[in-house]
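In: Pasting the sequence and the predicted model now:
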Amino acid sequence: MLGTSFVAELRSYARPDTGFLLDAAGRVLDGAKLYVNIVEINPPLIVALNLLVVACARTLDVSEILVYRIGVTAVLLGLLGLSALWLRRLLPEELGFRRAVVLVLAFVLFALPGRDYGEREHLVLALLLPYVLLVTARSLGQRITTCEGLWPGIAAGLAFALKPHFILVWIAVEAWLRGTRRIRRGALLPETLAIAAVLVSCAILIVLLTPEYLGVVRLLAAPYSRFLYDPFWHVLLTGPGAVVALFGLLTFVALRGLMRHQALWTSLAIAIAACLLAGAAQQKGLTYHLYPASALATFLLGLVALDTTRGVGTRVQQLYRTVAIAVFVASIAVASMDRVVAVVARAADSDQAEFERLVELVRGRATHGGVFVMSYHIRSAYPLINYSGVRSASRFPHLWILAAEYRDELEEDRPLTYHRPAEMSPSERYLNRAVLEDLVRRPKLLLVLRPARDLPANGYRRLDYVAYFSRVPQIRTILQEYRLVAETGDYLVYKWMPSGAERSGPAPAVSPGTRDVVVTREAGAPLRLGDPRSLIALLTFMGACVALALSGRRGVRQVP
C-alpha cells in the first residue's frame, strides 16, 4: 500500500498548491519578501516548511517536487509510528486488533488522499492523529507523563498553525474532557500547554519576521471569503466528503451500544464533527478542505468492521453495520484502483496534453525571464511554473482578487462592466498597483486565459484580463510591447519584444469571448455509472452488502 501510493505520487504531476508553495519558497530564498513580493493569504508556517524542502533540493541538486514528496512521506510514516505507539498503550493485550487498526490508519494516510496527497489538510490529519489517540487515553483515566503529552501536543499545535480553522478540534476535545470531568476543569495538561506554546510562538514570529502578513489579512480577508464562495450549510451537508463524514457520525450514534472500545469511537466522533465544521467554515467546497473529516470518518467505518460483533443488535443497528462496512470496502477499492492506475499509466487530467504543450512552450521561450499568468485559477500557473523551470513574475499565485471583486456582477444577466477607479475597493486598487509594479519588470512571457462569452453561465471565465488591465494607461503601454506567439487551448501566449525587435504578431487586444465553459462535475458529484470509479464503488458496495447479509443470516440474535 505504502509503496504503491508513493510510486503513484512519482508518476503524477504536482498539485497546484504544492507547486506554488515550492515556487514561493524558492523566491524567498532568492531574496523576495513574503507578503510583499509574494502575496499569500495563509499563515507563513507552510512557506517556512517549504523553505527547508527547497534548500535541501538545491543542496542535493535534485527536484524540489521529489524532495517534497519524500519529506511528506517521511512525516506521514513518523506520525503513523507515533500513532502506533499510542495504540499499543491503548490496546496492550490486543495485538491482532491493534495491527488491523494500524493498517486502516495506513490506508487513510497513504492511499485514501489520492490527488490531495501532500495538501495542508493531509498534513493536518496526520498531525492530529496522535493527539486524538492521546485524548482517548485521557478519557480512560490513564496516567500520562509530561513528555508523553508534549509530542502529540506539539504536532497538534503545528496542525492548527498550518490551518487555524482546525483549532475547533482542540476546543471540542478540551470541552469534552473537562465537561465530562474526565480531567479536572482547571488542570493544565502538557499537550494543552504545548499547543498554546506552538501557537504563541508562531504568532510572535509572524510579528517579528513577517509583520506584513497582518496587513495582507486586513486587506484581503474579506474578498478572499467571497472567492469560490459556497455557503456554510451547503458545504456542511453536500460538500465533497461531507456525506461520508455525516454518515460516520450517524454510524457512531447508531452503534454506540455495540462498540467494544467506546473511548476510541467517541474521541474519533468528536474529531470528525470538529473537522467537518472547520472544513465547512472555509466556505469553499474544495475537496481537500473536508479531507480530515472524511478520512477520520473512513477510519471510524473501518473500526466498525473490526470492533463490532456480527449478528448482535437490532435490525437497524445491523443495517448500519452492513452499510458502514460496505462503504469502507468500496473506499478501499476505489482508492486502490486510483493508485494502481496512477502507477501503470501516468495520472492525467483532461487537459494533460494542453499542459504539456504549455510546459514546452514556456520552457523554450522564457528561459531567461519570468512568466506572468493572467487567470483566476491557480491551476493556470502551477505546476506549469515548476515543470517549465521558469520563475513566476507575479506576486500572486493567481488573480483571484479580480474574481472575488466581481463575483456578484458575474452572476448577473447583463454585460459585465468594470469599476471606475473611484468605485474600486481598497483590495481592487491594490491589485491594479501590484500588477503594474510586476509588469514594469517586463516579464518574458504573458500567459492570458482567454475570456468565454459574457454570459452568467460562464462565471469567472467572463473576465477579460486584457480589457480590464488595459484601462490603466501604464499597463496598456506595457502590453503593447508584447506580441502573440502561440495559442494553445484556452490560453494566449505573448512574448515581450522590446522596441527595435522584429515584431510579428498582434499585441494583446480586447476580443469578445466566443466560447462557453464546458461544465465538468467535481468530486462529490452525484453517482455516474459511466465513470469507472463510480461503477467500481457501486459494484464493490453492493457485493460487500450481499456478502455481509449472507454471512449474518445464521445466528442473528436480536436485542429487544
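Out: Great, that's in hand.
In: Next, give phi and psi for Ala330.
Out: When quoted as degrees, to the nearest 10, the phi and psi of Ala330 stand at phi -60, psi -40.
In: Surely it touches Leu535?
Out: No. Using Cβ atoms under 8 Å, Ala330 is not in contact with Leu535, being 11.0 Å away. Where you see a C-beta, it was placed from the backbone N, CA and C, and this is true even at glycine.
In: what about these two, which has more around it?
Out: For Ala330 versus Leu535, the count of surrounding residues by other Cβ atoms under 10 Å is larger for Ala330: 21 against 14.
In: any idea how far Ser534 is from that one?
Out: Counting by Cβ to Cβ, to the nearest Å, the separation of Ala330 from Ser534 is 10 Å.
In: which residue packs closest to Val472, ignoring adjacent ones?
Out: Asn432 (5.8 Å; Cβ to Cβ, 6 or more residues apart in numbering).
In: Kindly apply the preceding question to Arg429 instead.
Out: Pro421 (7.3 Å).
In: Test my guess that the one you found contacts Glu428.
Out: No. If you go by Cβ under 8 Å, Pro421 and Glu428 don't touch, sitting 9.2 Å apart.
In: So the two - more neighbours on which side?
Out: Glu428 (19 against 10).
In: correct me, but the more buried one touches Ala403?
Out: No. Applying Cβ under 8 Å, one finds Glu428 not in contact with Ala403, separated by 11.2 Å.
In: Report the separation between Pro292 and Ala280.
Out: For Pro292, the distance to Ala280 - Cβ to Cβ - is 12 Å.
In: who has more neighbours, the two?
Out: Pro292 (31 against 25).
In: ok, now which ones touch the more buried one?
Out: Pro292 makes contacts with Glu121, Val124, Leu125, Leu128, Phe166, Cys275, Ala278, Gly279, as judged by Cβ atoms under 8 Å, 6 or more residues apart in numbering.
In: tell me which element it falls in.
Out: helix 291-307 (DSSP states H and E).
In: Over that helix, what's the mean pLDDT, rounded is fine.
Out: Averaging the model's pLDDT scores along helix 291-307 yields 96.
In: tell me the domain ranges of the chain?
Out: 2-344, 352-496 (automatic domain parsing).
In: Minimum distance to Val517: which of the ones you listed has it?
Out: Ranking those by proximity to Val517 (Cβ to Cβ) places domain 352-496 first, at 4.8 Å.
In: what's the first-to-last distance across that closest one?
Out: Start and end residues of domain 352-496 are separated by 27 Å (Cα to Cα, to the nearest Å).
In: Please apply the same query to stretch 390-408.
Out: 35 Å.
In: Flag the shaky bits of this structure, pLDDT-wise.
Out: Within the chain, the ranges that satisfy pLDDT under 70 run 1, 345-351, 500-503, 519-531, 552-560.
In: After the helix or strand that contains Leu199, which helix or strand is next?
Out: Using DSSP H and E, Leu199 sits in helix 190-209. Per DSSP H and E, the first helix or strand lying C-terminal to helix 190-209 is helix 212-226.
In: what separates that following helix from the chain centre, distance-wise?
Out: 20 Å (Cα atoms, centre = their mean, to the nearest Å).
In: Using CSV, list the CA coordinates for that helix.
Out: Only the C-alpha atoms of helix 212-226 are listed here, as CSV (Å, rounded to 0.1, in the frame of the first residue of the first chain):
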residue,chain,number,x,y,z
GLU,A,212,3.3,42.4,6.5
TYR,A,213,1.1,39.3,6.9
LEU,A,214,-1.2,41.2,9.2
GLY,A,215,-1.7,43.9,6.7
VAL,A,216,-2.4,41.4,3.9
VAL,A,217,-5.1,39.7,6.1
ARG,A,218,-6.8,43.1,6.9
LEU,A,219,-6.8,44.0,3.2
LEU,A,220,-7.6,40.6,1.6
ALA,A,221,-9.6,38.5,4.1
ALA,A,222,-13.0,39.9,3.1
PRO,A,223,-12.5,39.5,-0.7
TYR,A,224,-11.0,36.0,-0.1
SER,A,225,-14.1,35.0,1.7
ARG,A,226,-16.1,35.8,-1.5
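In: rewinding a little: which residues does the one helix or strand the residue nearest to Val472 maps to contact?
Out: Assigned by DSSP H and E, Asn432 falls within helix 426-439. By Cβ under 8 Å, 6+ apart, the residues outside helix 426-439 that reach it are 39, 219-220, 222-223, 372, 393-396, 399, 401-402, 404-405, 419, 421, 424, 469, 472, 474-475, 478-479.
In: what angle sits between the helix or strand harbouring Ala126 and helix 190-209?
Out: Taking DSSP H and E as the definition, Ala126 sits inside helix 120-139. If you take axes from the mean of the first three to the mean of the last three Cα atoms, to 10 degrees, helix 120-139 sits at 150 degrees to helix 190-209.
In: Tell me the buried residues in helix 120-139?
Out: 120-139 (16 or more other Cβ atoms under 10 Å).
In: burial count for Arg99?
Out: Other residues lying near Arg99 total 12 when counted by other Cβ under 10 Å.
In: For Ala74, see how far away it is.
Out: 22 Å.
In: same check, this time on Leu150
Out: 21 Å.
In: who has more neighbours, these two?
Out: Taking neighbours as other Cβ under 10 Å, Leu150 and Ala74 compare with Leu150 leading, 15 against 10.
In: I'd like to know which elements the strand or helix carrying that one is packed against.
Out: Taking DSSP H and E as the definition, Leu150 sits inside helix 146-162. With contacts taken as 3 or more Cβ pairs under 8 Å, 6 or more residues apart in numbering; DSSP states H and E, helix 146-162 sits against helix 45-60, helix 64-90, helix 120-139, helix 167-179, helix 190-209.
In: Which among those is found nearest to Leu300?
Out: Of all the helices and strands packed on helix 146-162, helix 120-139 comes closest under Cβ to Cβ, at 11.0 Å.
In: So which elements touch the closest one?
Out: Against helix 120-139 (3+ Cβ pairs under 8 Å, 6+ apart) you get helix 64-90, helix 146-162, helix 167-179, helix 262-281, helix 291-307.
In: and the angle from the third one to helix 190-209?
Out: Counting by the same axes, to 10 degrees, helix 167-179 points 150 degrees away from the direction of helix 190-209.
In: pull the CA atoms of helix 167-179 into CSV?
Out: Only the C-alpha atoms of helix 167-179 are listed here, as CSV (Å, rounded to 0.1, in the frame of the first residue of the first chain):
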residue,chain,number,x,y,z
ILE,A,167,-8.5,24.8,16.3
LEU,A,168,-12.1,23.7,16.6
VAL,A,169,-10.7,20.2,17.3
TRP,A,170,-8.7,21.5,20.2
ILE,A,171,-11.7,23.4,21.6
ALA,A,172,-14.1,20.4,21.2
VAL,A,173,-11.9,17.8,22.8
GLU,A,174,-10.9,20.1,25.7
ALA,A,175,-14.6,20.9,26.3
TRP,A,176,-15.5,17.2,26.2
LEU,A,177,-12.7,16.1,28.6
ARG,A,178,-13.4,18.9,31.1
GLY,A,179,-17.2,19.0,30.7
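In: and that helix with helix 291-307, angle?
Out: 50 degrees.
In: where's Arg98 relative to Trp86, distance?
Out: From Arg98 across to Trp86, the span is 10 Å (Cβ to Cβ).
In: count of residues packed around the residue nearest to Val472?
Out: Neighbour tally, Asn432, other Cβ under 10 Å: 19.
In: How about the one 4 residues further on?
Out: The tally of other residues near Leu436 (other Cβ under 10 Å) stands at 15.
In: got it, and Ala48?
Out: With other Cβ under 10 Å as criterion, Ala48 counts 17.
In: Many thanks, I have nothing further to ask.
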